[in-house]
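In: Dropping the sequence and predicted coords here.
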Amino acid sequence: MKIKVLHWILTVLTLCSVIFCSAQEIPGNDSLAFERNKNIGKGMNIANALDAPYEGAWGMKIKESYIEEIAMAGFNSVRLPICWTAHISGSPPYSIDPNFLNRVDEILGWCFKRNLTVIITIHYFNELYDYPDDEINRQKFLSIWDQLTKHYLGTKPDHLIFEPLNEPHNNLTPEKWNKMIPEILNVIRKTDTDRTLIIDIAEWGYHTFIEQLKIPENERNVIVSVRYYLPYDFTNQGASWAIGSDDWRGISWTGTPGQEEAVIEHLEFIKKWSEKNNRPITIGEFGAIVEAIHEHRVIWTKFVRTQFEKYGFSWCYFDFGASFKAYNIEKNKWLKGFPDVFFDKH
């Protein structure tokens, strides 16, 4: 009898061990996020279009020919900044305007037809940034992603990625963002356990704040997003949104040893965090403004892009045809040096 009981105990322990080991290999683990990060690869942001109050308000309307240009150039992905809050009802459940959603679907279709991975995110949710404790703003945020998760359930899980919120900042501090992350994860995961998500660092995605980011350990199907606009007085010289930026006009970036070493130091910092936490990294935005000396924009862009890839980070240049543009939408042509700067010639 004792032998039978012992045999039964050993059998149960063996089964538990098998179940535990299998649980470590379910979809949604680290490897899935790393693989889908490879699908982002080399990406392009299309800004000032869907993130405007209405498409065209800021001079950009997305055309299928733009998607074709991006695909033909050799990019792997498109990131779509979207101001969803400009297209929802004013009262619960804060329904997304079906006409606007159809427009987003149309653009996704253009991308998928060309095998481009797409990232959709929320841009310019200023009320949430400024008043993160307001329950109405919180409910809008959760409702938008509840609707989008259900709408896109089963749609291209390897090639459609959700980025819940672009660059938390202002009163949405790292601490408050960390508390909000499990809430938005729960909303999405109750419907879709397979969708890969991109979580931004707080404080505008600035790399030094990556150590303050707290993502639940059991959520492994996540890519962490960083911004790279450094040195800021070079990349944002003359920018209307940056105080004192007119004084930066003419600042150069020619790839001196000191300039290159600064970039490498920043990326080493990010890489160490990535390895320690076993989280893949995407550089969700990087770019140098058109007010900068064009030749220096090209030099900077090529160097930082090359370094991102050396460290195994995917990236999305900001942006296609607006303030940091690589493409002239009036002349329907790439600017000099673009898009070659994004690709290694063999």
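Out: Happy to help now that I have it.

In: show me where pLDDT drops low in this protein?
Out: Within the chain, the set of residues satisfying pLDDT under 70 comprises 1-30, 346.

In: Strands of that one, start to end?
Out: Under the criterion DSSP state E, the chain contains strands at 42-45, 77-82, 117-122, 160-163, 197-200, 222-228, 281-286, 314-317, 327-328, 333-334.

In: right, so of the ones you listed, which gets closest to E295?
Out: Ranking those by distance to E295, with C-beta to C-beta as the measure, places strand 333-334 first at 15.4 Å. Heads up, the C-betas are built off the backbone N, CA and C, glycines and all.

In: Out of the strands of the chain, the one nearest I243 is which?
Out: Minimum separation from I243 across the strands of the chain (C-beta to C-beta) falls at strand 222-228, 18.4 Å.

In: How far does that closest one sit from its chain's centre?
Out: 6 Å (C-alpha atoms, centre = their mean, to the nearest Å).

In: before we move on, back to that, would TSV of the strands of the chain with mean neighbour count and distance to W253 be doable?
Out: Converted to TSV, the strands of the chain look like this (neighbours: other C-beta atoms under 10 Å; distance: least, C-beta to C-beta, whole Å):
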stretch	mean neighbour count	distance to W253
strand 42-45	25	20
strand 77-82	25	24
strand 117-122	24	27
strand 160-163	22	28
strand 197-200	24	25
strand 222-228	24	13
strand 281-286	25	13
strand 314-317	26	16
strand 327-328	18	21
strand 333-334	14	21
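
In: okay, now the nearest residue to D146 once chain neighbours are set aside: neighbour count?
Out: With C-beta to C-beta, 6 or more residues apart in numbering as the criterion, D146 has its nearest non-adjacent residue at 5.2 Å, and that residue is V187. V187 has 19 neighbours, counted by other C-beta atoms under 10 Å.

In: V187 contacts L148, doesn't it?
Out: No - taking contacts as C-beta atoms under 8 Å, V187 lies outside contact range of L148: 10.0 Å.

In: sorry, back to before: for the residue nearest to D146, give me its contacts.
Out: Counting by C-beta atoms under 8 Å, 6 or more residues apart in numbering, V187 touches L142, W145, D146, T149.

In: By neighbour count, which of those residues wins?
Out: Ranked by neighbour count (other C-beta under 10 Å), the contacts of V187 have W145 at the top, with 22 neighbours.

In: Which residues are in contact with it?
Out: Contacts for W145 (C-beta under 8 Å, 6+ apart) come out as F162, P164, I184, V187, I188.

In: any idea how far the last one lies from V118?
Out: The one in question is I188. For I188, the distance to V118 (C-beta to C-beta, to the nearest Å) stands at 16 Å.

In: How about the first one?
Out: According to C-beta to C-beta, F162 and V118 sit 10 Å apart.

In: What are the boundaries of the helices in the protein?
Out: For the chain, the helices defined by DSSP state H occupy 2-23, 30-40, 64-73, 98-113, 126-130, 135-151, 174-189, 232-235, 257-277, 294-310.

In: Please identify which of those helices is closest to F338.
Out: Ranking these by proximity to F338 (C-beta to C-beta) places helix 294-310 first, at 7.5 Å.

In: Thanks a lot, catch you later.
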